[in-house]
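Engineer: Sequence first, predicted coordinates after that:
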Amino acid sequence: MATCSGSVDELNEPGAAPHGNFINYYTFNPPENRLSLIPASLLQDLGYNRGEENTLMLDVGCNSGDLSVAFYKHVVQEPVSEDESEKSRVHLLGFDLDEALIQRAQQTNPLPRSISFIPLDITTDTEQLQRYLEQHGCSHFHLSLCLAVTMWVHLNHGDSGLLQLLSHLASISQHLLLEAQPWKCYRSAARRLRKLGRSDFDVFKTLKIRGDMAAHAREHLERDCGMELIQSYGSTVWDRKLLLFRRRLV
């Protein structure tokens, strides 16, 4: 079974990224680790990508944007060359709290007409996302990705921060693809900080939400956020479940 850190220690000092903003993240967890589990027909399966109206996707904590671009190319069943005369109606917005990573994503973005990257800390600023939706004439993102982000919000902002993140994403998303790190990864992250001689995450010992983190996330999304689990794509090589939720039909 894969460990939480993989070959992290060899490629990038994880303790230097207490928010998960590793500078070489996709060298030790390449996009294919997730994309191999996700069908290329995903947008079509969900009823999107028909061409009549905008389809908006969101990548929460996008790091340097490698997965954002790879995911877009994977699921958009149309030409994605920026030489096309007509702009695609499928758009993806990626954001991360690390401005240096976002700058790298912007500089290497091969599809600037379809994919955008902005610096944003979702725990303190939700207005930028709302403005983006308004600019595209939409009330919600059709598909949001929250992949390996929940643990870092949880470790830095506590139980309430984790629940607020999930609640907010549910409120602005028609579908949510979630990958929650298992509890063993929390222990590994805390241990790496201590190994570097740094203080532990301030809230780590006070967390009451523990154990099966994917199950806790599902419970909150279904009980309190009006969402329902519609698909499980199995687990990644790092033993993390990929779960697809949908806003519950009224």
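Structural biologist: Thanks, I have the structure now. Numbering: from 1, shown residues only.

Engineer: contacts for the strand ranked longest in the chain?
Structural biologist: Using DSSP state E, we find that the single longest strand of the chain is strand 227-235. Here strand 227-235 makes contact (CB atoms under 8 Å, 6 or more residues apart in numbering) with 37-38, 170, 176, 218, 221-222, 241-248. (C-beta placed from N, C-alpha, C; glycine too.)

Engineer: and if we set it to 10 Å?
Structural biologist: Strand 227-235 is contacted from outside by 1-2, 34, 36-39, 42, 45-46, 166, 169-171, 173-179, 182, 214, 217-218, 220-222, 240-249, using CB atoms under 10 Å, 6 or more residues apart in numbering.

Engineer: what about burial for the residues you listed, which qualify?
Structural biologist: The neighbour-count test (16 or more other CB atoms under 10 Å) marks 34, 37-38, 42, 46, 166, 169-170, 173-179, 182, 214, 217-218, 220-221, 240-247 as buried among these.

Engineer: Show the contacting residues for Pro182.
Structural biologist: Cys4, Met151, Ser188, Gly211, Asp212, Met213, Ala214, Ser235, Trp238, Asp239, Arg240, Lys241.

Engineer: ah, wrong one, I meant Arg131
Structural biologist: Arg131 makes no contacts at all, as judged by CB under 10 Å, 6+ apart.

Engineer: Show me what the lengthiest helix in the chain is packed up against.
Structural biologist: Longest among the helix segments of the chain by residue count, using DSSP state H, is helix 150-172. Applying 3 or more CB pairs under 10 Å, 6 or more residues apart in numbering; DSSP states H and E, we find helix 150-172 packed against strand 55-60, helix 127-135, strand 141-147, strand 173-179, helix 183-195, helix 213-224, strand 227-235, strand 241-247.

Engineer: where does this structure dip in pLDDT?
Structural biologist: 1-16, 49-52, 78-87, 250 (pLDDT under 70).

Engineer: Deepest in the core, which of the helices and strands packed on helix 150-172 is it.
Structural biologist: Mean neighbour count (mean count of other CB atoms under 10 Å) peaks for strand 55-60 among those, with a mean of 26.

Engineer: Show the secondary-structure elements that the very next helix or strand once past it is packed against.
Structural biologist: The helix or strand immediately downstream of strand 55-60 is helix 66-75, counting by DSSP states H and E. With contacts taken as 3+ CB pairs under 10 Å, 6+ apart, helix 66-75 sits against helix 25-28, helix 32-35, helix 42-45, strand 55-60, strand 90-96, helix 99-108, strand 115-119, strand 141-147.

Engineer: Stretch 95-104: how far from the chain's middle?
Structural biologist: Computed by CA atoms, centre = their mean, to the nearest Å, the chain-centroid distance of stretch 95-104 equals 14 Å.
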